[in-house]
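[1] Here is my input, please return the structure:
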Amino acid sequence: MFLGCDKPITKTNQVQPTIRDWEAIKSSGKLIALVDNSTTSYFIYRGQPLGFEYELLNWFAEENNLELEIVLVDDLDSVFNQIKKGHGDIIAANLTITKQRQELVNFTEPHLSTRQVLVQKLPENYWQFTADQISSKLIRDPIDLANKNVWVRRNSSFYERLKSLSDEIGNEIDITEADGKLQTEDLIRLVAQGEIDYTIADENVAKTNKKYYPNIDIETAVSFSQNIAWAINKRATNLQTVLNTWITEKKKTNDYHTIYLKYFKARTAYAKKVKSDFGSAKNRISEYDDLIKLNANKFDFDWRLIASVIFQESQYDTSAESWTGAQGLMQLLPQTAAEFGNGSLSDPNFNIYAGTAYLSQMLKHWLPKVTQKEEALKFALASYNVGLGHVLDATRLAEKNGLNANVWNNNVELMLKKKAEKEYYNDEVVYYGYCKGSEPVFYVKQVIERYKHYKNLID
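    Residues are numbered from 1 along each chain as shown. You can find the predicted model right below:
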């Protein structure tokens, strides 16, 4: 399942009038961090704050008895001015250390290293081609970026790299300056959708997003390895010393490597496929068909619908575990499954029972409002995937914007996607904050479409 939220996000617009060094931070009992909302920095999943940058920040704050206050960065191009003016103590937003940025801020010891890669869309029907045939249709040498249009933010390290690369190859690269409010993940999505041809991303971010957008290619490097670090005000020299000591020590520990693996190495679980002989010829979908039928019947579901959900979640891999801790066939978080019993999520029967019970709970919530069961099912699936709160927000936005709050297609789904835009996730009727709404919309579409195929081919 994907990013969700079960309780409202607390936002802050507090402006700090002075630059705070370590002593002032300790005295106040609070560390204020400027963080971007992304799958590598900070996000909400089923009511839990997660993210590589967030977990490191929270670790540091806890060890120093500090309250961690997260301030979401709306415009990454303005974040350095915010730290210079004392609007926060630290920037944690997957920042690459560059000479230009070092003129504006001080950086801590790096906690990551990565390289920049070109993000481009794979050719249509790419699965029909060999690897060599695919490569022949893509840019594999940065020199071929000459006269190509690449979208990046003006104050990003990617812009600097493209300008240098243009000099290196002796030809112009057509750089389009993206709005500072567009994050790297937004530009990756635009490439995947075919709205722009190219962008640049740090490889760690690109690999994470490859999970969501399998039709992108991220194999062409455009830089050597570069360091990622936190940024602080140049006057906060004692804070820099404290952070440097802490980061240097923690990078040697198993706990640090566990967090790193969680966010940057567990992605392959999403791509794993189950190889079997099951299919329409044998009138079976998986080896778990009997368990699926048993549990689907308990909650009055067509078993083929539950089978479609399970394929979307885990591709029938009982050992599947996401980097966020969701487990088993229906990718449930332990705290969610605990509502339906004390069984093990590695047990297919309990996992299917708990997942089906949770989907039934979501459906019962929507049926009094959305009276047509087929329509209510779309709302339930979205809630299962992203969390009930985000879908409720989308219905309120639909009502406010003159759409039908009881119809999914071209109504509520549109508003759920809009929750990725500041104008909408900051609206007064939105209680659950930012949501990468294109993902649950895609999820619903995929589950329903596969369910239709199952109904066509499986009794």
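
[2] mind listing the strands for the stretch 1-150 of the chain?
    Listed in chain order, the strands of the stretch 1-150 of the chain (DSSP state E, counting those that start in this stretch) span residues 30-35, 43-45, 48-50, 67-72, 90-96, 106-107, 112-114, 116-121, 149-153.

[3] how about the ones you listed, which one is nearest residue 369?
    Nearest to residue 369, of all these, is strand 43-45, at 24.0 Å by Cβ to Cβ. The C-beta positions use only the backbone N, C-alpha and C, and glycine is treated the same way.

[4] now that closest one: mean pLDDT?
    For strand 43-45, mean pLDDT is 62.

[5] what do you get for stretch 54-70?
    92.

[6] cool, stretch 371-386 as well?
    95.

[7] ditto for stretch 334-351
    pLDDT averaged over stretch 334-351 gives 93.

[8] Can you give the distance from it to the centre of its chain?
    25 Å (Cα atoms, centre = their mean, to the nearest Å).

[9] Which of the residues in that stretch are classified as buried?
    Using 16 or more other Cβ atoms under 10 Å as the burial criterion, the residues of stretch 334-351 that qualify are 336, 337, 340, 345, 348, 350, 351.

[10] tell me the two of those that are most distant?
    Most distant of the buried residues of stretch 334-351, by Cβ to Cβ, are 336 and 348, 16.8 Å apart.

[11] follow-up on the earlier one: and of the buried residues of stretch 334-351, the nearest to residue 262?
    Closest to residue 262, out of all of the buried residues of stretch 334-351 and judged by Cβ to Cβ, is residue 345, at 17.4 Å.

[12] quick one on the thing from earlier: minimum distance to residue 167: which of the strands of the stretch 1-150 of the chain has it?
    Among the strands of the stretch 1-150 of the chain, strand 149-153 comes nearest to residue 167, with 14.9 Å by Cβ to Cβ.

[13] which of the residues in that closest one are buried?
    150, 151, 152, 153.

[14] Of those residues, just say which sits nearest to residue 139.
    Using Cβ to Cβ, residue 150 comes nearest to residue 139 of the buried residues of strand 149-153, at 10.1 Å.

[15] Just grab the bridge partners of the closest one for me.
    Residues in a beta bridge with residue 150, per DSSP bridges, are residue 175, residue 198.

[16] can you put the buried residues of stretch 334-351 in CSV and add distance to residue 394 and secondary structure?
    Output for the buried residues of stretch 334-351, formatted as CSV (distance: Cβ to Cβ, whole Å; DSSP: H, G, I helix; E, B strand; the rest coil):
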residue, distance to residue 394, secondary structure
336, 21, helix
337, 26, helix
340, 26, helix
345, 29, coil
348, 33, helix
350, 31, helix
351, 28, helix
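
[17] low pLDDT regions in this protein?
    Low-confidence segments of the chain (pLDDT under 70): 1-17, 44-49, 266-282, 453, 456-457.

[18] go with 50
    Applying pLDDT under 50 to the chain flags residues 1-12, 14-17, 46-48, 268-276.

[19] can you pull the contacts of the closest residue to residue 371 other than its chain neighbours?
    Distances taken as Cβ to Cβ, 6 or more residues apart in numbering place residue 406 nearest to residue 371, at 7.6 Å, with adjacent residues excluded. Residue 406 is in contact with 369, 370, 371, 375, 395, counting by Cβ atoms under 8 Å, 6 or more residues apart in numbering.

[20] Shouldn't residue 406 be within a strand?
    No: counting by DSSP: H, G, I helix; E, B strand; the rest coil, residue 406 is not found in a strand; it is coil.

[21] domain assignment for this protein?
    Domain assignment of the chain by automatic domain parsing yields the ranges 22-109+228-265, 116-223, 270-457.

[22] which residues touch residue 186?
    Applying Cβ under 8 Å, 6+ apart, the residues contacting residue 186 are residue 420.

[23] now residue 80
    Neighbour list for residue 80: 91, 101, 104, 105, 155, 231 [criterion: Cβ under 8 Å, 6+ apart].

[24] Can you tell me which of those end up in helices?
    residue 101 (DSSP state H).

[25] for the contacts of residue 80, which one is nearest residue 386?
    residue 91 (27.9 Å).

[26] And that closest one, how far from residue 316?
    42 Å (Cβ to Cβ, to the nearest Å).

[27] the more surrounded of these two?
    Counting neighbours by other Cβ atoms under 10 Å for residue 91 and for residue 316 shows that residue 91 has the greater number, 27 against 20.

[28] so the more buried one bridges to which residues?
    Assigned bridge partners for residue 91, using DSSP bridges, are residue 34, residue 231.

[29] show me the residues around it that make contact.
    So residue 91 contacts 33, 34, 35, 73, 79, 80, 82, 83, 105, 230, 231, 232 (Cβ under 8 Å, 6+ apart).

[30] what do you get if the cut-off is 10 Å, keeping everything else the same?
    By Cβ atoms under 10 Å, 6 or more residues apart in numbering, the contact set of residue 91 is 33-36, 53, 71, 73, 76, 79-80, 82-83, 101, 105, 107, 229-233.

[31] now residue 397
    403, 405, 412, 414-416, 418-419, 424-425, 427, 429-430.

[32] With residue 443 instead?
    1, 2, 309, 312, 313, 381, 382, 384, 385, 386.

[33] I'd like the distance between it and residue 418.
    With Cβ to Cβ as the criterion, residue 443 and residue 418 are 17 Å apart.

[34] thinking again about what came up before, same list (the strands of the stretch 1-150 of the chain) but as TSV, adding distance to residue 134.
    Listed next are the strands of the stretch 1-150 of the chain as TSV, based on distance: least, Cβ to Cβ, whole Å:
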stretch	distance to residue 134
strand 30-35	36
strand 43-45	31
strand 48-50	33
strand 67-72	38
strand 90-96	28
strand 106-107	38
strand 112-114	24
strand 116-121	11
strand 149-153	20
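
[35] and residue 237, which of those strands is closest to it?
    Among the strands of the stretch 1-150 of the chain, if distance is taken as Cβ to Cβ, the winner is strand 106-107, at 7.6 Å.
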